[in-house]
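Q: Let me see the structure of the following:
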Amino acid sequence: MAQKVVTTYVDDLTGEESAEIAKHTILVDGAGVELDLTDENYDKLLELLQPYLHAEGARRVRGSVAASKGKPRKAPAAGENTAEIRAWAKANGYEVNDRGRVPASVKEAYEKAGR
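A: Numbers count the residues shown, from 1 in each chain. Model (predicted):
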């Protein structure tokens with residue numbers, strides 16, 4: 001049986017589908033959120049934050065509080081097919097969201113099932 005898996009990236013702000021979506025991590029008061037945004041929407045976010053990021057007393061934070069460095073991640077880790085894991089989980093009675101992170105317990109069960 002042939003199978004074709006298609007991954008669609010969606011902007012969290014607008015719902016726009018695009019191959020140019022990138023994941024961005026934002027930390028405020030030590031709590032973070034991950035947003036999948038087009039370059040245009042990420043630029044808009046940065047523009048809104050500019051006065052705060054460049055305020056006279058603003059200081060750059062390093063270490064465990066700072067976001068990870070490097071380019072934003074555009075896809076799940078190599079070899080990990082979240083769409084396939086979600087389909088398997090739903091077929092086997094696990095509750096998983098259509099978006100976001102797949103719980104580690106579901107990934108573990110998927111791997112134990114020999115997938």
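Q: Validate this expectation: Asp36 resides in a strand.
A: Yes - under DSSP: H, G, I helix; E, B strand; the rest coil, Asp36 sits within a strand.
Q: quick one: it and Val10 touch, right?
A: Yes - with contacts counted by CB atoms under 8 Å, Asp36 reaches Val10, the gap being 6.6 Å. C-beta coordinates here come from the backbone N, C-alpha and C atoms, glycine included.
Q: which neighbours do those two share?
A: In the contact map built from CB atoms under 8 Å, 6 or more residues apart in numbering, the residues linked to both Asp36 and Val10 are Ile21.
Q: More neighbours: those two, which one.
A: Asp36 (21 against 14; other CB atoms under 10 Å).
Q: which residues does the more buried one bridge with?
A: For Asp36, the beta-bridge partners are Lys23 (DSSP bridges).
Q: and it, how far is that from Arg59?
A: Distance, Asp36 to Arg59, by CB to CB, to the nearest Å: 28 Å.
Q: distance of the residue most central in space within the chain from Arg115?
A: Among the residues of the chain, the one closest to the centroid is Lys23, at 4.9 Å (CA atoms, centre = their mean). Distance, Lys23 to Arg115, by CB to CB: 24 Å.
Q: same thing with Asp39?
A: 34 Å.
Q: same deal with Val28?
A: Distance, Val28 to Arg115, using CB to CB: 37 Å.
Q: got the contact list for Asn97?
A: Neighbours of Asn97 in contact, by CB under 8 Å, 6+ apart: none.
Q: Report the mean per-residue pLDDT for the longest helix seen in the chain.
A: When the chain is parsed with DSSP state H, its longest helix is helix 39-53. If you average the pLDDT over helix 39-53, you get 91.
Q: Alpha carbons of it, as CSV, please.
A: What follows is helix 39-53 as a C-alpha-only set of coordinates in CSV (Å, rounded to 0.1, in the frame of the first residue of the first chain):
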residue,chain,number,x,y,z
ASP,A,39,7.9,36.1,7.8
GLU,A,40,5.5,39.1,7.3
ASN,A,41,3.7,38.4,10.6
TYR,A,42,6.9,37.8,12.5
ASP,A,43,8.2,41.2,11.2
LYS,A,44,5.0,42.8,12.4
LEU,A,45,5.5,41.3,15.8
LEU,A,46,9.1,42.5,16.0
GLU,A,47,8.0,46.0,14.9
LEU,A,48,5.4,46.1,17.8
LEU,A,49,8.1,45.0,20.3
GLN,A,50,10.8,47.4,19.1
PRO,A,51,10.2,50.2,21.6
TYR,A,52,10.4,47.6,24.5
LEU,A,53,13.3,45.7,23.1
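Q: All set now, cheers.
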